[in-house]
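**Q** predicted model follows, preceded by the sequence.
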Amino acid sequence: MAVRTRWLLALLASLVGGPLLLLYGYLLAWFSPEITGAGRAADRGAAWWLTLLLACLATAGCLLAGWLRLRRPGRWWPWPVGIGVALAVGWLAAGALA
C-alpha cells in the first residue's frame, strides 16, 4: 500500500511539476539577458531571472531524486515537498519578472 501511495504521489508531482517546469524554461528563454538587452537585465530582471533559474533547477533535481528514490523505503517524502517549494518560489519569481 505504501509503495502505491509513493507512485501516485510521484506521478501527481510529475504531472503538475512537468508543465510548470516547461513554462519556467520558456520564461527563462524569453527573459534571457541576451534577448532583452543589457539595460533591462541590469535594472530589475537579472536577480529574478537568476531566482527563476535556480527554482527551475531545484524542481528538476527534486523530480529526478523523487523518481530515483521511489523504491527505497527511507526518506522519500522530502522530494515532493521540495518540488512544491521550488515551484512556489519559481511562480513568485516569474510573477515578479513579467
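**A** Cool, got the structure.
**Q** and the helices in this protein?
**A** For the chain, the helices defined by DSSP state H occupy 2-30, 33-36, 38-40, 46-68, 78-97.
**Q** could you tell me the least trusted of these?
**A** Ranked by mean pLDDT, the helices of the chain end with helix 38-40 at the bottom, a mean of 54.
**Q** can you tell me the closest non-neighbouring residue to the residue nearest to the spatial centre of the chain?
**A** Centroid check for the chain by Cα atoms, centre = their mean gives Thr59 as the closest residue, at 3.1 Å. In this structure, Thr59 finds its nearest non-sequential neighbour in Ala86, 4.2 Å apart by Cβ to Cβ, 6 or more residues apart in numbering. Yep, even glycine has a C-beta here, placed from its N, CA and C like the rest.
**Q** and that neighbour, how far from Leu53?
**A** Distance, Ala86 to Leu53, using Cβ to Cβ, to the nearest Å: 11 Å.
**Q** quick one: which of these two has more around it?
**A** Neighbours were tallied for Ala86 and for Leu53 using other Cβ atoms under 10 Å; the higher tally belongs to Ala86 (24 against 17).
**Q** check contacts around that one.
**A** Taking Cβ atoms under 8 Å, 6 or more residues apart in numbering, we find Ala86 in contact with Ala55, Ala58, Thr59, Cys62.
**Q** the second one contacts Gly82, correct?
**A** Right, the one you point to is Ala58. Yes: using Cβ atoms under 8 Å, Ala58 is in contact with Gly82, at 6.9 Å.
**Q** and stretch 46-59, what's buried?
**A** Of the residues in stretch 46-59, Trp48, Trp49, Thr51, Leu52, Leu53, Ala55, Cys56, Ala58, Thr59 count as buried by neighbour count, 16 or more other Cβ atoms under 10 Å.
**Q** okay, now the residue nearest to the third one when sequence neighbours are not counted: neighbour count?
**A** When the adjacent residues along the chain are set aside, Thr51 lies closest to Ala93, with 4.2 Å between them (Cβ to Cβ, 6+ apart). Using other Cβ under 10 Å, Ala93 is surrounded by 22 other residues.
**Q** quick one: Ala93 from Trp79, how far?
**A** From Ala93 to Trp79 the distance is 21 Å (Cβ to Cβ).
**Q** that'll do, ta.
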